[in-house]
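Enquirer: Sequence unavailable; structure follows:
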Ligand SMILES: Cc1cc2nc3c(=O)[nH]c(=O)nc-3n(C[C@H](O)[C@H](O)[C@H](O)COP(=O)(O)O)c2cc1C
């Protein structure tokens, strides 16, 4: 899975960037390819088409989500390029969570009504004092991502033989292999996941 973290903050090395680095590290450790990109309102966001998951992250200043991210959604081509993308989002702010959910998150969500939003989260500025906060966020993102991926891929059926083969690999790798095979089947238009298709996918991905 390829994920891009699109963020904005006025503070270089501030709380938002620290959260992004921690989230990116955890995602990478789980096997994802991760890039982080700082928002500029009028940048070209067509590169987003190469990513499976987009994480938006920004702080709140003076009751508004940081301006370059809002600007990219309002005036740039970010919104068009986010179409049909799976999205997770978080805000960092000083307000209580309930207040932020009502006042600040909608500033982003109003632009994303056609998107699948996997997870949304409000972090306090000092969120990193508790490591489990990032663990939970990343776990929730991956769980929701994998759930929607397997729902989407129901059209490609596993044959009995390929299901048996899946059982022969270590159990902690099975979920990852299953998702990769189903994504490959969807991309290549296979209706069935056969042993032959799995072999082709392995050859193309450089597996042994
Ligand atoms: C100038 C300024 C204005 C802020 N305005 C708000 C605000 O209106 N609402 C809020 O909940 N938090 C507000 N905060 C708190 C920030 O959203 C919070 O500290 C955030 O973690 C800062 O992120 P950063 O370290 O990436 O800049 C403000 C902070 C600053 C410095």
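Expert: Perfect, thanks for sending it. These numbers were taken from a predicted model, which means no experiment stands behind them. Residues are numbered from 1 along each chain as shown.

Enquirer: List the buried residues of the helix or strand of the chain with the lowest mean pLDDT.
Expert: Within the chain, confidence by mean pLDDT, DSSP states H and E is lowest for helix 171-188 among all helices and strands, at a mean of 84. Within helix 171-188, the residues that count as buried by 16 or more other Cβ atoms under 10 Å are 177-185. In short, each C-beta sits where N, CA and C put it, glycine included.

Enquirer: got it, and stretch 21-35?
Expert: Buried-residue list, stretch 21-35, by 16+ other Cβ under 10 Å: 22-24, 26-27, 32, 34.

Enquirer: Please identify the one among these that lies nearest to residue 194.
Expert: Using Cβ to Cβ, the shortest approach to residue 194 within the buried residues of stretch 21-35 belongs to residue 32, at 27.2 Å.

Enquirer: Now do the contacts for residue 15.
Expert: 9, 59, 92, 123, 125-128 (Cβ atoms under 8 Å, 6 or more residues apart in numbering).

Enquirer: before we move on, what about residue 112?
Expert: 79, 82, 87 are the contacts of residue 112 under Cβ under 8 Å, 6+ apart.

Enquirer: export those to TSV and tack on secondary structure?
Expert: Output for those, formatted as TSV (DSSP: H, G, I helix; E, B strand; the rest coil):
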residue	secondary structure
79	helix
82	coil
87	strand
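
Enquirer: Please check the contacts of residue 15 and keep the buried ones.
Expert: 9, 59, 92, 123, 125, 127.

Enquirer: Residue 61 is in contact with the first one, correct?
Expert: Okay, so that is residue 9. No - here residue 9 does not reach residue 61: they are 9.2 Å apart, not a contact under Cβ atoms under 8 Å.

Enquirer: Can you pull out the low-pLDDT segments for this protein?
Expert: 150-154, 206-208 (pLDDT under 70).

Enquirer: Torsion angles phi and psi at the residue in it that the ligand sits nearest to?
Expert: When distances are taken as Cβ to the nearest ligand atom, the chain reaches nearest to the ligand at residue 14, 2.6 Å away. For residue 14, the backbone dihedrals are phi -80, psi -160 (criterion: degrees, to the nearest 10).

Enquirer: start to end distance for stretch 7-18?
Expert: 11 Å (Cα to Cα, to the nearest Å).

Enquirer: In that stretch, which residues are buried?
Expert: Going by neighbour count (16+ other Cβ under 10 Å), the buried part of stretch 7-18 is 7-9, 15-18.

Enquirer: Now tabulate these in TSV and tack on secondary structure.
Expert: Formatted as TSV, the buried residues of stretch 7-18 follow (three-state DSSP):
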residue	secondary structure
7	strand
8	coil
9	coil
15	helix
16	helix
17	helix
18	helix
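
Enquirer: Which two among these are spaced furthest apart?
Expert: It's 8 and 18 that sit farthest apart of these, by Cβ to Cβ, at 14.3 Å.

Enquirer: do you know how far residue 133 is from residue 202?
Expert: For residue 133, the distance to residue 202 under the criterion Cβ to Cβ, to the nearest Å works out to 37 Å.

Enquirer: Sorry, slip of the keys, the one I care about is residue 78.
Expert: Residue 78 sits 36 Å away from residue 202, taking Cβ to Cβ as the criterion.

Enquirer: which one of the two has more residues nearby?
Expert: Shown here are residue 78 and residue 202; by other Cβ atoms under 10 Å, residue 78 has more neighbours (26 against 15).

Enquirer: I appreciate the help and will end here.
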